[in-house]
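Student: just coords:
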């Protein structure tokens, strides 16, 4: 799904999908919404990613213990179950890293949509249009992304002058996309 630290990105990644600090930040963001048990946190991350990311208890509980040791969370114990709450120090840490947390969840949302797209395509029961409708992505959006990736791939051996020209085009496009300016399709 991404190169180690820049979420989201193209492709699908095997193995660990998030570093410890990224997972801890996502856990704090989820606890900000409401106190939760470890199992509830696992299920919430799995749901938000449409099954792409389902951290194991062996990953979640050490992360929660670490957050508790940092005084970022407090714990309410009911028998052998623990319910985690966001502590003031955790809120301050989350506030400082809010943009990064939002990018992580945006990456999860992207993975969830991509999972819908891929499941539809692999099942072979639906055509491209049905897969597009299931994911929420318009055909022209998918085709434009694919065309851009292909164009960049074909220019990987460009000289410095051409790389500068391509970079300027991409910077203008990025600014227009980020600013929400209407494009020719609107």
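Tutor: Now that the structure is in, tell me what you want to look at. Nothing here was measured: the structure is a model prediction, and the numbers come from that model. Residues are numbered from 1 along each chain as shown.

Student: From here on, just use CA atoms for contacts and neighbour counts.
Tutor: OK.

Student: Tally up the residues packed near the residue lying closest to residue 85 once chain neighbours are set aside, please.
Tutor: In this structure, residue 85 finds its nearest non-sequential neighbour in residue 35, 4.7 Å apart by CA to CA, 6 or more residues apart in numbering. Per other CA atoms under 10 Å, the neighbour tally for residue 35 reads 19.

Student: and residue 173, what pLDDT?
Tutor: We have a pLDDT of 90 for residue 173.

Student: In what element of secondary structure is it found?
Tutor: helix 160-179 (DSSP states H and E).

Student: returning to that earlier point: shouldn't the residue nearest to residue 85 be in contact with residue 82?
Tutor: No. With contact defined as CA atoms under 8 Å, residue 35 does not reach residue 82; the gap is 10.1 Å.

Student: How about the contacts made by the residue nearest to residue 85?
Tutor: 83, 84, 85, 86 (CA atoms under 8 Å, 6 or more residues apart in numbering).

Student: same check, this time on residue 72
Tutor: 28, 86, 87, 88, 89, 90, 91, 93.

Student: Hmm, residue 32 is touching residue 93, no?
Tutor: No. In this structure residue 32 lies outside contact range of residue 93 using CA under 8 Å: 11.5 Å.

Student: now residue 111, nearest residue through space, not along the chain?
Tutor: Nearest in space to residue 111, with sequence neighbours left out and distances taken as CA to CA, 6+ apart, is residue 49 at 5.8 Å.

Student: Phi and psi next, for the one you found.
Tutor: phi -100, psi 10 (degrees, to the nearest 10).

Student: which element is residue 109 on?
Tutor: Going by DSSP H and E, residue 109 is in helix 98-123.

Student: following the helix or strand bottoming out on mean pLDDT in the chain, which helix or strand comes up?
Tutor: Across the helices and strands of the chain, mean confidence by mean pLDDT, DSSP states H and E is lowest for helix 128-135: a mean of 58. Next in sequence after helix 128-135, counting helices and strands by DSSP H and E, comes helix 139-154.
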